[in-house]
Structure formats: C-alpha cells, structure tokens
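Visitor: One predicted model, sequence on top.
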Amino acid sequence: MDLQRDLPTLLAVIGIVMLTALVLALVFLLWVAWRIKRINLPAGADFMTALRALPLRVAITLDLLDLGLDVFSAPVAWFLLDRLGLAPLRGVAAIKGLIPLNGMIPAMTVAWALVRVADRFQLVR
C-alpha cells in the first residue's frame, strides 16, 4: 500500500461519505421539522425519559448530521433537540458532536435501541 498514492482516493471516499450523510441528514431534518412539532416531556425529565420519547427518525438524523458535519454538528444538534423539546438530550449530543472523528459511531441510534431493549426486558425503569 502506497500511502502517497492512495491518500487522495481515501480522502475522496471519506468526502463522498460525509457529503452523502449530510444530504441525507438535511432531508431527514426537513422531514422531522415537518412531521414532529414538539415533544412534551414531563417537568424535570431525565436523559432516559427523553431518550424514550425520542423518535427513531430524530436519532438517525442526529447521527447522520454527526457523520456529515463531524464537530460542526454540535450546534445543529443542540438547536434541533431544543426545538423538539428534548432538552435533556442536548448535552450528550453536543459532547458527542464535539469529539472529533467519531461520526461513524451512531451513538443516538444505538442509545435509542438500547433503551427499547432495556424497557422490553424491564432492565431499567
């Protein structure tokens, strides 16, 4: 493997993946804004309660934004979660978004699925 020869190809592939994720995230963002106005959480809701109320399409949108924008996704995620009434998730999404080069990890989608599994088997209440 010749790094000097293969580096432009690798960067092009990474750029295409990031651009595709960004376009999909924008489409999902429009869909979320159109379909979901605001989620009413109880006063003082914690992270787990907010994660239970989080629709899957919002989790996927946040992960696609993180993949497409990397560290620049944090303010977008903060704004989106604030507008949807999911304030307990803002801090975690912002911290995850600020960590560079972890966009390939779909953390919100995995957390969404883990909460569903835990609820189904009554592991967490």
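Guide: Sure thing, it's come through.

Visitor: Surely residue 19 touches residue 67?
Guide: No. Taking contacts as CB atoms under 8 Å, residue 19 lies outside contact range of residue 67: 10.3 Å. No exception for glycine: its C-beta is placed from N, CA and C like everyone else's.

Visitor: which of these two has more neighbours?
Guide: When neighbours are counted by other CB atoms under 10 Å, residue 67 comes out ahead of the other of residue 19 and residue 67, with 21 against 11.

Visitor: ok now do the more buried one, which residues does it touch?
Guide: With contact set as CB atoms under 8 Å, 6 or more residues apart in numbering, residue 67 has these partners: 17, 18, 21, 22, 25, 103, 104.

Visitor: of these, buried ones?
Guide: For those, a neighbour count by 16 or more other CB atoms under 10 Å gives the buried set as 21, 22, 25, 103.
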